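Q: Provided below for reference: sequence and predicted model.
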Amino acid sequence: MNAIADDVLDESFSTSLAGTAREFAESSNTLLFAFLLALVLVYLILSAQFESFRDPLIIMFTVPLALAGAVLSLWLFGQTLNIFSQIGIIALVGIVTKNGILIVEFANQRREQGLSLNEAVIDAATQRFRPIMMTSLATVFGVLPIALALGAAAQSRVSLGIVIIGGLLFSLGLTLFLIPALYTYLSSRGSV
């Protein structure tokens, strides 16, 4: 609207947003801050838990995968980036990092038991495959009613469900390959 107004209207006119467009503009800055704060908090908590800066960095690589899946699913289903989808993206950060935590934590335990780097990461990925699949699919099926707009006044929350399902499924497939590869690469380069 602002770009069109700048092209069409002269300086004697002014425009302002109203309704949901105004709410979206006002909440976007706040939700962007909340998203960045969530990323920082997750990283700091994981750094304290793992007593390392490398392992949380490996785990945080699941977030861009989830974001790509979320945006792609919004585009595929013709939904918009609105307040509900932004809240879904923030929730997605916590959900998808769980997959990376399961693999990295188990790989660290297996290395402490004396396995080599490659054996530990392969064992971690295969041993944690079922728990990752079960929790991810349980989340997808739990959010499915929201994405299908079942219930009273559920149409406005469809984008929240689509973001969570799309981001989780997209990151699920790639996380099972990316996290072990990053773990192997960064661990072989030395500890941080």
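A: Perfect, I can see it now.
Q: Need the pLDDT of Glu112.
A: Note on Glu112: pLDDT of 92.
Q: separation between it and Ile103?
A: Here the criterion is CB to CB, to the nearest Å. By it, Glu112 lies 15 Å from Ile103. For glycine as for every other residue, the C-beta is placed from the backbone atoms N, C-alpha and C.
Q: Neighbour count for the two, which is higher?
A: Shown here are Glu112 and Ile103; by other CB atoms under 10 Å, Ile103 has more neighbours (26 against 9).
Q: Would you mark the buried spots in the helix or strand containing Gly94?
A: In this assignment (DSSP states H and E), Gly94 forms part of helix 83-112. Neighbour-count burial for helix 83-112, counted by 16 or more other CB atoms under 10 Å, picks out 83-93, 95-108, 110-111.
Q: contact partners of the following helix or strand past it?
A: Next along the chain after helix 83-112, taking DSSP H and E as the criterion, comes helix 117-127. Contacts to helix 117-127, defined as CB atoms under 8 Å, 6 or more residues apart in numbering, come from residues 103-104, 106-108, 110-111, 115, 176, 179-180, 183-184, 187-188.
Q: For this structure, which residues score under the pLDDT cut-off?
A: Judged by pLDDT under 70, the chain has its weakly predicted residues at 20, 24-28, 151-153, 190-192.
Q: quick one on the thing from earlier: I'd like to check the angle between the helix holding Gly94 and helix 117-127, please.
A: Helix 83-112 and helix 117-127 are oriented at 130 degrees to each other (axes from the mean of the first three to the mean of the last three CA atoms, to 10 degrees).
Q: If you count contacts, what does helix 83-112 end up packed against?
A: Helix 83-112 makes packing contacts with helix 19-50, helix 54-60, helix 62-76, helix 117-127, helix 129-147, helix 158-188 when contacts are defined by 3 or more CB pairs under 8 Å, 6 or more residues apart in numbering; DSSP states H and E.
Q: Leu169 is in contact with Ile95, correct?
A: No. Counting by CB atoms under 8 Å, Ile95 sits too far from Leu169 to count as a contact (11.4 Å).
Q: Report the separation between the two terminal residues of stretch 57-68.
A: Its first and final residues considered, stretch 57-68 spans 18 Å by CA to CA, to the nearest Å.
Q: List of residues touching it?
A: If you take CB under 8 Å, 6+ apart as the criterion, stretch 57-68 is touched by 39, 42-43, 46, 89, 92-93, 95-97, 99-101, 104, 167-168, 170-171, 174-175, 178-179, 182-183, 186, 192.
Q: Since that was my last question, I'll sign off now.
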